[in-house]
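Enquirer: quick one: sequence plus predicted model below, questions after.
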Number of protein chains: 2
Amino acid sequence: MGRTEVRRNRTDRARARILGAAERVFATAGYAGARMAEIAAASGLPKANLHYHFKTKECLYRAVLDDILGMWLAATDQILPDSDPSAALAGYIRRKMVYSRTRPDASKVFANEILHGAPQIGGFLGAELRALVAAKSAVIEGWIARGLMAPVEPRHLFFVLWAMTQTYADFEVQIRAVLGRRRLGAQDFQAGAMLIERLVLLGCGLSPAPEQPPGRTPPAAPDRPGSTTPRRASARSRR
Amino acid sequence: MGRTEVRRNRTDRARARILGAAERVFATAGYAGARMAEIAAASGLPKANLHYHFKTKECLYRAVLDDILGMWLAATDQILPDSDPSAALAGYIRRKMVYSRTRPDASKVFANEILHGAPQIGGFLGAELRALVAAKSAVIEGWIARGLMAPVEPRHLFFVLWAMTQTYADFEVQIRAVLGRRRLGAQDFQAGAMLIERLVLLGCGLSPAPEQPPGRTPPAAPDRPGSTTPRRASARSRR
DNA sequence: GAAGAGTCTGACCATATGGTCAAGTTTTGT
DNA sequence: ACAAAACTTGACCATATGGTCAGACTCTTC
């Protein structure tokens, strides 16, 4: 081991620290709104240090994005020709919901990037993502051809799946406001996931999903409306 | 007529020009990324003029947002206790899709605002929107109680409806990239709308939608573009 | 233990950007 | 017709922000 190992660890630790802070700041402020000074503060390092590890703000931003894209692609793993459509789709939905719950900042950074025309990852969208969707769409068309599910346009199915699951991360503030929650809880994601599963499976002519991890949740108990404190709702302005 | 009329027209024309340009710029750059100089250029007016009509960048931004919120609220008009659930939901979806196609910039500005924590319209979300959703949710719960549709959590139904329809405006770049289109066409929105209708109606235990305007269109081609002019909701702010 | 590469940091710039202002031009009121 | 109000505009600031740099500190190697 020795030198390289240790040195890489030191550098890597710093870089990870920075990337984490950057993801948080980019998520809440967007690329243009994020300040290097704020990222520096959030990571507990002096600003000049950021510029040592990442030449420019744009480089740092790209690094954050690259960290995110992998997960994006991985989520479709279970969509394979021999999978059971019902289980595969339900699994995909659950995975996406877990992702929205555990990595909301990543989702937001991604959303922000696309919302503003994907200036950085336009290439990724047109190449890797497009290819992935083409492949997975072929799988779904195979299922349809074999009569395993109703005919739906697979690509649009992905669009609305992404939209529904990611909205729980990206538009979290709106959902919180409407539900009157201080924070979204497991129950909220649970309720969302159940509805999405229902819409997708029934919409695809499938039966309501074979529970795959040994029966964890009772099929009822969505969530009670405005049970929690009536939220104060004045517009804070900051910007 | 005379004085007031003419004066208001001059000012209003300038303000409308500015608001239009601002919506475009805010949509593609976000609040922080938008430059007053760019908005000025896009509206064909000198920068100082913007500051005459809207004191600050934030005021201008709020004015753009206010212009948008009205439409948001109006879209649920047809969801009434005595409506046919199937027609009402299908109509809502179509209206939202038309909105995504005809006013994508408005949708993007709204999305951006929420994505970044709704610093300006947090109040709107917690008050007007929350109340509206509560009311419309009650309507849906009424339908459910009367056995007109399957039991689904109405609030989450709205969340995913918004997500699915607005994704065609907000994430347009991604959809274009995956579909390999230079621009999204009527066909694409058509395909999306059909899928969303299918998922929602079947998911709610409803039959695939009674066409509502008297047999105007063969079962394909439901959408008509800007049916009524999307009215400018007033509420100019200046401050 | 000294050389040297790698890592860290405070102090310092250049510039871009939101905002101002005073002097013009048009429109309105009488 | 003429003054006052409403509107327009080029030139001008103050400041915030991304980025730089020279020197300090730390670790590895011989």
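Expert: Okay, I see it.
Enquirer: the helix or strand of chain A with the lowest mean pLDDT versus helix B:3-33: what angle between them?
Expert: Within chain A, no helix or strand scores below helix A:3-33, which has a mean of 85 by mean pLDDT, DSSP states H and E. Orientation check (axes from the mean of the first three to the mean of the last three CA atoms, to 10 degrees): helix A:3-33 against helix B:3-33 gives 180 degrees.
Enquirer: would you mind listing what in chain A touches DNA strand C?
Expert: A:7-8, A:10-11, A:14, A:45-49, A:51-53 (CB under 7 Å from any atom of the strand). Yep, even glycine has a C-beta here, placed from its N, CA and C like the rest.
Enquirer: apply 6 Å and report the result again.
Expert: A:Arg7, A:Arg10, A:Thr11, A:Ala14, A:Leu45, A:Pro46, A:Ala48, A:Asn49, A:Tyr52 (CB under 6 Å from any atom of the strand).
Enquirer: what's the burial count for the fifth one?
Expert: Burial measure for A:Leu45: 17 neighbouring residues, criterion other CB atoms under 10 Å in any protein chain shown.
Enquirer: please report how far it lies from chain B.
Expert: For A:Leu45, the distance to chain B equals 23 Å [CB to the nearest CB, to the nearest Å].
Enquirer: quick one: that residue and A:Arg15 touch, right?
Expert: No: assessed by CB atoms under 8 Å, A:Leu45 is found out of contact with A:Arg15, at 10.5 Å.
Enquirer: please identify the helix or strand for the residue in chain A that DNA strand C sits nearest to.
Expert: Per CB to the nearest atom of the strand, A:Ala48 is where chain A lies closest to DNA strand C, at 2.7 Å. Assigned by DSSP states H and E, A:Ala48 belongs to helix A:47-53.
Enquirer: so what secondary structure elements neighbour that helix?
Expert: Applying 3 or more CB pairs under 8 Å, 6 or more residues apart in numbering or on different chains; DSSP states H and E, we find helix A:47-53 packed against helix A:3-33, helix A:36-43.
Enquirer: of all these, which lies closest to chain B?
Expert: helix A:3-33 (3.2 Å; CB to the nearest CB).
Enquirer: so which helix or strand takes in the closest residue to A:Ser107 other than its chain neighbours?
Expert: Leaving aside its chain neighbours, A:Ser107 sits nearest to A:Ala169 (3.7 Å; criterion: CB to CB, 6 or more residues apart in numbering or on different chains). Per DSSP H and E: A:Ala169 is located in helix A:154-170.
Enquirer: quick one: the very next helix or strand once past that helix near chain B?
Expert: Once helix A:154-170 ends, the next helix or strand along the chain (criterion: DSSP H and E) is helix A:172-179. Yes: Helix A:172-179 lies within reach of chain B by CB under 8 Å from any CB of the partner chain, at A:Val173, A:Gln174, A:Ile175, A:Ala177, A:Val178, A:Leu179.
Enquirer: what about the last one, how many residues nearby?
Expert: If I follow you right, that is A:Leu179. If you count neighbours by other CB under 10 Å, A:Leu179 ends up with 24.
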